[in-house]
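Chemist: Based on what follows, work out the 3D shape:
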Amino acid sequence: MAEAEKKGGDEKQNIIIKRVKKVAGGHHGGAWKVAYADFVTAMMAFFLLLWLLSVTTNTEKEKIADYFSPTSPLIAQNESGSGGLLGGTTLSPRGAKTADNVISQNSPHGNTENAPNSPQKAATLDHKDEVAFKKAESDIKKSIEAVAALKQYEKNLLMDMTPEGLRIQIIDTNGKPMFALGSPKPLPQTVQLLSMITGIVKDLPNKISIRGHTDSVPYGKGASYTNWELSADRANASRRVMLSSGLDMSQVHDVEGKADHDPLIASNPASPRNRRITLLLLKRSITDAERAANEKDNGKLAADMPVDVPPPPVRKREKGVIYFP
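Modeler: Purely as a prediction, here's the structure:
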């Protein structure tokens, strides 16, 4: 018993001490990495927004704003991203940073605001033309009132806006004709009116369509000269007066003879007011689109035509020399 107590008393008990290492802060516990990642993401989104603003047009910005509007019908109509606002087209396939290369959502050919035939440019030209046409109309009215010799023909002049442009019509009235009956020669008052109008419109960039009209009264039976020739000759006579008054030849778009097929007074085709000359100042958007279409069509036709073969050169023949083919 004593031996056992002695043995137990000699044994030493091992003491294990566990220390918990505390790190004060530890680089803020790594929270700074999360904050930095959020900052980088926010900056990336910010620069992406700036890039989108630089490559989108004003029209596209408006459509994007409408898309995110709570009242926009697009939100309720579209269930997926395809066929949405931009219809699957990219803003800049080449990674350009300017709006010049932005593909328009309305055109598969990539027309932009600065393209020759873009709707934006056409709308701008139409607005400028409308302002210029209103001024020209006002100037013509003032000129008639200022000249005593022309004031009596005020009712012979009609002006209005049409989808094609400003229409100026010089018409016959009872007792005040613009041309002698059945003759293509303009009377002095017609020449004076045409000269006055030319002086006002000759500086405009718009082209002019000159059209002649007659009433429905035909020539005698068997006559070779008809209302078609008369209307065309009167339009050509008006063109010559305008050219002699300072109009540039390149400003003439076309000269047409309409005969009695476009009466002013449809209810009375024989009315003298159907005998008239129409000067149509055409909108530039119309003539530009027409020219572009003609160039495209003519280019296709020319490409399909055989190449012109120049004729063989003609050799100079000397006297006394025999030539064989």
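Chemist: Can you show me the strands along the protein?
Modeler: 157-162, 165-171, 208-213, 252-257, 276-282 (DSSP state E).
Chemist: I'd like to know which of these lies nearest to residue 196.
Modeler: strand 157-162 (9.7 Å; CB to CB). Backbone N, C-alpha and C define where each C-beta goes, glycine included.
Chemist: one step back: could you dump the strands of the chain into JSON lines and include distance to residue 244, mean neighbour count and mean pLDDT?
Modeler: Converted to JSON lines, the strands of the chain look like this (distance: least, CB to CB, whole Å; neighbours: other CB atoms under 10 Å; pLDDT from 0 to 100):
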{"stretch": "strand 157-162", "distance to residue 244": "20", "mean neighbour count": "14", "mean pLDDT": "95"}
{"stretch": "strand 165-171", "distance to residue 244": "17", "mean neighbour count": "22", "mean pLDDT": "96"}
{"stretch": "strand 208-213", "distance to residue 244": "14", "mean neighbour count": "24", "mean pLDDT": "97"}
{"stretch": "strand 252-257", "distance to residue 244": "13", "mean neighbour count": "17", "mean pLDDT": "96"}
{"stretch": "strand 276-282", "distance to residue 244": "15", "mean neighbour count": "23", "mean pLDDT": "97"}
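Chemist: Could you export those as a markdown table, including distance to residue 308?
Modeler: What follows is those, written out as a markdown table (distance: least, CB to CB, whole Å):
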| stretch | distance to residue 308 |
| --- | --- |
| strand 157-162 | 42 |
| strand 165-171 | 38 |
| strand 208-213 | 33 |
| strand 252-257 | 28 |
| strand 276-282 | 34 |
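Chemist: looking at the ones you listed, which is closest to residue 305?
Modeler: strand 252-257 (25.2 Å).
Chemist: tell me what the closest one is packed against?
Modeler: strand 208-213, helix 227-244 (3 or more CB pairs under 8 Å, 6 or more residues apart in numbering; DSSP states H and E).
Chemist: Let's see the longest one as PDB, backbone CA atoms only.
Modeler: The C-alpha atoms that make up helix 227-244 are tabulated as PDB, following Å, rounded to 0.1, in the frame of the first residue of the first chain:
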ATOM      1  CA  ASN A 227     -54.300  69.200-126.000                       C
ATOM      2  CA  TRP A 228     -51.300  67.000-125.300                       C
ATOM      3  CA  GLU A 229     -49.100  69.000-127.600                       C
ATOM      4  CA  LEU A 230     -50.600  72.300-126.400                       C
ATOM      5  CA  SER A 231     -50.000  71.600-122.700                       C
ATOM      6  CA  ALA A 232     -46.400  70.400-123.400                       C
ATOM      7  CA  ASP A 233     -45.700  73.500-125.600                       C
ATOM      8  CA  ARG A 234     -47.000  75.900-122.900                       C
ATOM      9  CA  ALA A 235     -44.900  74.200-120.300                       C
ATOM     10  CA  ASN A 236     -41.800  74.500-122.500                       C
ATOM     11  CA  ALA A 237     -42.600  78.100-123.300                       C
ATOM     12  CA  SER A 238     -42.800  78.800-119.500                       C
ATOM     13  CA  ARG A 239     -39.500  77.100-119.000                       C
ATOM     14  CA  ARG A 240     -37.900  79.400-121.700                       C
ATOM     15  CA  VAL A 241     -39.300  82.500-120.000                       C
ATOM     16  CA  MET A 242     -37.900  81.400-116.600                       C
ATOM     17  CA  LEU A 243     -34.500  80.600-118.000                       C
ATOM     18  CA  SER A 244     -34.300  84.000-119.700                       C
END
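Chemist: how about it: buried residues?
Modeler: 227, 229-239, 241-242 (16 or more other CB atoms under 10 Å).
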